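In: coordinates only, no sequence provided:
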C-alpha cells in the first residue's frame, strides 16, 4: 500500500501512449489517484494473441482444483475469518443508522475546495488506468527497514521446484516461492510480522556482513551468485521448499528469517562488486570500482563446488586465486581506454552472440565470451575509444620481457598499469565533475542494460533516452518516451519493460514502439524481474508488485471488474483519535501543570498527539543564526529541545508514547508522538519548512510540516505562524498560499537511508528531496496529494469592524456567534480566499489572544496601552478525503475525520486556565476512520477469481499456446570444423516463435556410451562448441538456421592471482553434449522443448547413436516435433517438404 496518487512527469510529454478503450487498465491499489491519464485509442493486442498451447504454470493448479478440500489448502482459516469480519463490517455499515454515542459536531467548511490545487486526490479500490497487480510485498514503512532495505530482485527458474523470486538486501538475501499456493494464500495472523504485514511468505538468509550489490541466476547450477559491498561473491543454492532439511527447521513467524547459509563465499575484489554475470560458456564475470574486471573460469568454479562443505575454506581459497584479469591482458597488448579506470557499473551476457558487455556511465567494452578477448571499446555515442599505450610503456615492457622472467615483467607492468590508471582515473573524475555542472554528458549516462531475443542490446539513460545497439556494439536507434531517468530494463519474449525513476513502467515491442505505460509505484522503480507468469517491479521503498506478463492485455479489464465488485471482502477499517494542539508560547516556558491541562488531561484513548508551537525563541540574532543553520541543513535550539523533553515527560514518552518526528524553523516547532500500540502502523516520517519572513527567507513567520503514513494513508500536519497586525489580511492569505504551494517534504537528516551506496545517483537525489516517494502531479503541491491535512498554529487573523470594548462585552456575555461574523478568517474562508475546502469545528471558546501573562480568567485580556482587540488567532483546521460531509469511510474515501462530543472533554477548545503566555493553548480531538486493503486477503480473492472465472480460463488457455515448430534433427555428429546446420521451422501462419538453445549437459563418451551429463553454469556451452545464433525470433512460416561447429581443441591455462601458471591440452576424448531447443510465443513463459544429442568425434572414430535413445533425465515442457531423417539440402527444400506435412 505504497501509492497515493499518480506521477506528474508524464503530463508534460505529448507522445505518451496508453491502452485502447476496449481494454481499459485498472489497478490493484486502493489508494491511488485515478485521474489525469489519457487513453491510447489505437492499441492492438496482436502480440498477445491466442497462439499458445499451455496455460501458464502459475495458473495450472487452479484448473485441477475441483474439490472443496483443494480450496481448503489454498487459504487459511484465519484469512477466511478476516474476510467474514470485513463482510459483516460492510453490511453493518450499510444497514445501521447513526446510533453511535460519538456524533460528529457541526463544522464550518471553507469555499473554493475541490478545484485546482485544492482538488482532492482521487482514491479508488481499483485503479482504472493501469493493469491489476498482486502485492508480493506491500510498501513497508521506512523505519522498519533500516539495515534491511531491498536493493535488487531476480527470478531464477528451477526445473525441479519451479520459479523462485530472490531479493538482495543490505544484510543477505530473501526468497519467495512462486510455484506454490503461497501467492494466493491468506496469512494467519500469527504468521505475520508487524513490519511485513500483507507480505507473501518468504525465507531469509542468515545475516551477512555487507549489502548485496548485484545478483545473477544460474539455472545450470541451481544457484544464485551475489556480489557484495565488501568485495565478496557468494553462492546460494536454490531453495527446495518441499524439504525440511533445506531450512533446518521452521523459524519464528511461520518460517520467516530461517537463516539459511551461503554455500561458498570468497573475496573477489578489494572494492564493492558492482556487477556480475555468467557468460554463455559458464564463466563468472564480475566488475568493481576503477575498471576492475575479473573472470572465474567454469572449470575452477566447478572444482570448488565439488569440495565438501567441511572444506569450504579450501574451496574459497581455490576459487579466489583462480581468476583471470582480462584488463591486464588487454593493456599488455597495447590497448587502453577510460573504460578501464571507470567503475564497471553494469555487465551483460549476450547469449545470442556469445559476448559479454561491460559498461561504466559513459563507455562500453565488448568482450568475446569464449576467448575472453576484448573486441571493442566505445562511448555512449558509439564512437570507438581504443588508444595505444605511449612508447615509454611499450619500451619498458619490451626491456622487461627481454631481460627478466615473465613473472617479473608482469609484476612490473602491473605497477606501471596501476600508476597510469590512477592518474587517468583522477583526470577522468575531474573531467566528469566539470561536465556534471552543466548537466551535459552526466545526463546521458547509462543506467540500465538488457539483451533481447533478436540479438539487440538496449540501454537506458539518465535523461530517459532508450538506445538500441546491435550485437557488435553499433548504435542503431534512439527512443524517448519519458524525460525521467531509466532505472531498469527487462525483457520477456517480444516485449521490453522499462522502469523509471518517476515510478512509471513502460512496455515496448522489439521495434521500440510503445505498447503501454502506467504508474507502477509512486517511488522509483529500481529493478525488474520475470518469473512465474509475472513481471515483478521493485520500488525504492522496498515494495514489490507482480504484473501479468500479458499486460497490457485482454485480461486486465476482467480482473479489474471482478476485484472492484469484491472490495468489501478485503477492506479493513481502523479507527484512531488524533489530538492536535497549538500554542504561541511567547518565548516563555510552561509549568508542568499547564502542559497537563493542555495535553496530559486529554490523551486518554488518543493514538496520535500533534503539537505545534510558535515563538519558541525569537530575537534578531537568533533568527539570523537560524537562517544560517538552515542553509547548512541544521536545525533546532536548546529552547526547542526543552519543550520536546517536557512534553515527552507529560505524555510518558517511552512507556506510553513514542516521538516519531519533529521539525524546527526559528521559533516554529512541530512534533508528533504516537501511542506505542499503534507504532508499527505509523512511519515514513518526512518533514518540511517554509519561511515566510523577510524575503521569504527568515523564519520568524512561516510554517513547519510533518508528513507520515498511518495505516497506509498519508497524513500531513502543518504548524503555521502568519503575518501579524489587524490590517495584514492579504499578507496572511499570501502566506498560506505560499506555504501550501511550496511545502516540499524530505527525510529527516538523522533518518537518511544508508542503503544509497551502489544505487543510481538519480535515486539518491530523489531519496532526499522526496523521501516518501510521493511524486505529485505536475503543478499540484505535495499537500494536495495527502489523504488528510491538518493546519494548526497562530494564523493571526483578527476581529474586524469592532472596538476593544465591544469585543470585551461580547466575550463576557459569551456571544461568540456574533463575534464570529467579524472573524477575518471566517470571512476569507467564506470568500474562498484562504484554506480553500478546509473545515473547522464549532468554536465554543473565547478568543485566545491577547492576554496578560499570569492573569487568570477573562479579566486577563490585554488592558495595556495598545489594548489589542481579542481574537481567535490560534486555530486548527483540517480536511480529509470527503467530497461531501455525508461521505462514509471506504476505499473510495479512505480517510474520514470528524470532531465528536466526548463525555468529559470539549471537542475543540482553548485551555483558559493556562496563563504562561499572551496566547491560550488550543486543542482539538479528531476521530479518524481509515480504510485500507488487507493485501493477504486480496491476493486470496485474486486467486479465486483466476480459479472460478471461465472467461479468464479461456483467455489464459489461448494466450499460453506456443507456436508449432519443427526441429530438423535430434542427433548431430561433428567430426571436423565444418559447421552443421540445425533448422527450426515455425509452422504457425500468424504468430512469431522465439527460440533459445542451451547446453543441458556434457559427458565423455566411453565404450560408445555417455552418461552423467554435467551442465555448466547457466547451461553454458563448452569452450570448443560454437552455436550461432543461440537465440532468435522466427517469423510465421519461416525457418531459422543455426550453425553448430567444433572449434579446434584449445590449450587451457590455469590462472593463479590473474597470472597464467600452467597450461595443457584440452581433453581430446570424444564427447557428447545435450542441447535443448526451447521455443515459446511472443509473450509467455511457457515453452516447448526439444533435446538434441550432439557428439563430437575428436579421435576420428565415428560414433553412431541410437535414434531412439534418449537420456533418462526429464526435460521441462512439451517436446517439439522433429522432422524425419530425410536429407534436405536447403531452406527451400524444407519449405517444400513442409507443404506435404499434416499438422497433428
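Out: Structure's in. What do you need? Just so it is clear, the model here is predicted, and its values are computed rather than measured.
In: name the nearest residue to the residue most central in space within the chain, ignoring sequence neighbours.
Out: Closest to where the C-alpha atoms of the chain average out (CA atoms, centre = their mean) is residue 539, at 1.1 Å. Take residue 539 and drop its neighbours on the chain: the residue closest to it by CB to CB, 6 or more residues apart in numbering is residue 521, 3.8 Å away. C-betas here are computed from N, CA, C, even on glycine.
In: report how many residues lie close to the one you found.
Out: Using other CB atoms under 10 Å, residue 521 is surrounded by 29 other residues.
In: does residue 545 touch residue 535 like I think?
Out: No. Using CB atoms under 8 Å, residue 545 is not in contact with residue 535, being 9.2 Å away.
In: pull the number of nearby residues for residue 565.
Out: Applying other CB under 10 Å, we find 12 residues neighbouring residue 565.
In: any idea how far it is from residue 551?
Out: With distances taken as CB to CB, to the nearest Å, residue 565 is found 20 Å from residue 551.
In: and for residue 694?
Out: 54 Å.
In: and what of residue 1009?
Out: 49 Å.
In: which one of those two has more residues nearby?
Out: Taking neighbours as other CB under 10 Å, residue 1009 and residue 551 compare with residue 551 leading, 28 against 10.
In: verify the stated contact: that one with residue 131.
Out: Yes. Counting by CB under 8 Å, residue 131 is a contact partner of residue 551 at 3.7 Å.
In: setting aside sequence neighbours, what's the nearest residue to residue 1013?
Out: residue 1001 (2.7 Å).
In: how far does the helix or strand hosting that neighbour sit from the chain's center?
Out: Per DSSP states H and E: residue 1001 is located in strand 993-1006. Remark: strand 993-1006 is offset 36 Å from the chain centroid, using CA atoms, centre = their mean, to the nearest Å.
In: swap in stretch 975-987?
Out: That offset, for stretch 975-987, works out to 43 Å (CA atoms, centre = their mean).
In: from residue 176, how far out is residue 860?
Out: Relative to residue 176, and taking CB to CB, residue 860 is found at 65 Å.
In: the two: which is more packed in?
Out: residue 176 (28 against 17).
In: quick one: that one is in a strand?
Out: Yes. Residue 176 forms part of a strand when assessed by DSSP: H, G, I helix; E, B strand; the rest coil.
In: residues contacting it?
Out: With contact set as CB atoms under 8 Å, 6 or more residues apart in numbering, residue 176 has these partners: 136, 164, 165, 166, 167, 182, 200, 201, 202, 203.
In: close enough to count as contact, the last one and residue 239?
Out: Same thing as residue 203. Yes. Using CB under 8 Å, residue 203 is in contact with residue 239, at 6.2 Å.
In: mutual contacts of these two, please.
Out: Listed as contacting both residue 203 and residue 239 by CB under 8 Å, 6+ apart are 175, 260.
In: hey, what's the residue lying closest to residue 1012 once chain neighbours are set aside bridged with?
Out: Nearest non-adjacent residue to residue 1012, counting by CB to CB, 6+ apart: residue 1003, 5.7 Å away. The partner list for residue 1003 in beta bridges (DSSP bridges) reads residue 1072.
In: number of nearby residues for residue 1003?
Out: When neighbours are defined as other CB under 10 Å, residue 1003 has 16 of them.
In: got the contact list for the host helix or strand of residue 640?
Out: Here residue 640 sits within helix 638-650, counting by DSSP H and E. For helix 638-650, contacts defined as CB under 8 Å, 6+ apart pick out 585, 587, 589-590, 592, 595-596, 599-600, 611, 613, 616-617, 654, 657, 659, 662, 664, 669, 671, 673.
In: of those residues, which belong to strands?
Out: 611, 613, 657, 659, 662, 664, 669, 671, 673 (DSSP state E).
In: show me where pLDDT drops low in the stretch 951-1100 of the chain?
Out: 1048-1069, 1098-1100 (pLDDT under 70).
In: which residues of it fall in helices?
Out: Using DSSP state H, counting those that start in this stretch, the stretch 951-1100 of the chain contains no helices.
In: and for the stretch 201-350 of the chain?
Out: 252-255, 298-306, 312-320, 326-332.
In: which of these sits most buried?
Out: helix 326-332 (a mean of 20; mean count of other CB atoms under 10 Å).
In: show me what that one is packed against.
Out: Contact analysis of helix 326-332 by 3 or more CB pairs under 8 Å, 6 or more residues apart in numbering; DSSP states H and E lists strand 293-296, strand 374-379, helix 406-437 as its packing neighbours.
In: show the average pLDDT along that helix.
Out: Taken as a whole, helix 326-332 carries a mean pLDDT of 71.
In: how far does it sit from the chain's center?
Out: On CA atoms, centre = their mean, the centre of helix 326-332 falls 38 Å from that of its chain.
In: from memory residue 450 sits against residue 457, does it?
Out: Yes. Taking CB under 8 Å as the definition, residue 450 is a contact partner of residue 457 at 7.5 Å.
In: between those two, which contacts overlap?
Out: In contact with both residue 450 and residue 457: residue 348, using CB under 8 Å, 6+ apart.
In: who's more crowded, these two?
Out: Using other CB under 10 Å as the criterion, residue 450 and residue 457 rank with residue 457 on top: 27 against 19.
In: contact partners for the more buried one?
Out: By CB under 8 Å, 6+ apart, the neighbours of residue 457 are 348, 350, 357, 449, 450, 451, 468, 469, 470, 471.
In: so which strand or helix has the fourth one?
Out: Following DSSP H and E, one finds residue 449 within strand 446-451.
In: listing partners with orientation, what would you give for that strand?
Out: Strand 446-451 is paired, per DSSP bridges, with strand 457-461 (antiparallel).
In: where does residue 893 sit: helix, strand or coil?
Out: Residue 893 falls in the coil class when you classify it by three-state DSSP.
In: verify the contact between it and residue 886 for me.
Out: No. Residue 893 lies out of contact with residue 886 (CB under 8 Å); the separation is 10.5 Å.
In: the more surrounded of those two?
Out: Between residue 893 and residue 886, residue 893 has the larger neighbour count (other CB under 10 Å), namely 20 against 6.
In: distance of the more buried one from residue 877?
Out: Residue 893 is 19 Å from residue 877, by CB to CB.
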